[in-house]
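>>> below is the structure, and that's it, no one-letter string:
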């Protein structure tokens, strides 16, 4: 079922499936549409309705709906809205939804911007490693480098613990045998 949705051939084995797939679909779609609608509305208002001479007047929609007391306040609200949405989307874009394995080759599936869209990222086992801890990000134990992309993988959602430990310890095992 997942292979068909992800467009992955039968030779790839599903080894990781993150929870909350429907919630992630909803969140990414909501964030994309609301940011787009607010952005387009702001551009339209700025281009066709707003007059620079009214910089200190309240921003009014319709006849009597005041949405901000001044242009600066309105831009602050819009900037905070877009920055918050961008930050949440940045985290969700790094969340690996599914992981497939074929030998030492892997495909990570990330959630796209719309409801059923996905992004695939191929990487090799030698490119996989844990990212150094950070003070800013509280989930550093779940952050990994997947070649040229970084991702969030939670160890509890691998098919078996063996797959997780193989990813983490494979290099060490190869070095010990050489």
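Happy to help now that I have it. Model, not experiment: these values are computed from the prediction.
>>> run through who's touching whichever helix or strand residue 33 is part of.
If you go by DSSP states H and E, residue 33 is part of helix 21-44. Applying C-beta atoms under 8 Å, 6 or more residues apart in numbering, the contact partners of helix 21-44 are 18, 78, 81-82, 85-86, 88-89, 92, 95, 97, 111-116. (C-beta placed from N, C-alpha, C; glycine too.)
>>> buried stuff in it?
24, 25, 27, 28, 29, 31, 32, 35, 42 (16 or more other C-beta atoms under 10 Å).
>>> distance check, the third one against residue 48.
In this case it means residue 27. Using C-beta to C-beta, to the nearest Å, residue 27 is found at 32 Å from residue 48.
>>> next one: the first one
Taking C-beta to C-beta as the measure, residue 24 and residue 48 are separated by 36 Å.
>>> same thing with residue 150?
Taken as C-beta to C-beta, the span from residue 150 to residue 48 is 41 Å.
>>> what does residue 147 give?
Residue 147 is 46 Å from residue 48, by C-beta to C-beta.
>>> the more surrounded of these two?
The neighbour comparison of residue 147 against residue 48 (other C-beta atoms under 10 Å) goes to residue 147, with 17 against 7.
>>> coming back round to it: chain center to the helix holding residue 33: distance?
13 Å (C-alpha atoms, centre = their mean, to the nearest Å).
>>> helices or strands next to whichever helix or strand comes after it in the packing?
Where DSSP H and E defines the elements, the next helix or strand beyond helix 21-44 is strand 59-61. Identification of packing neighbours for strand 59-61 by 3 or more C-beta pairs under 8 Å, 6 or more residues apart in numbering; DSSP states H and E yields strand 65-68, helix 71-93.
>>> repeat that for 6 Å
Using 3 or more C-beta pairs under 6 Å, 6 or more residues apart in numbering; DSSP states H and E, the elements in contact with strand 59-61 are strand 65-68.
>>> can you list the residues that contact the strand it packs on?
Residues outside strand 65-68 that contact it (C-beta atoms under 6 Å, 6 or more residues apart in numbering) are 58, 59, 60, 61, 74.
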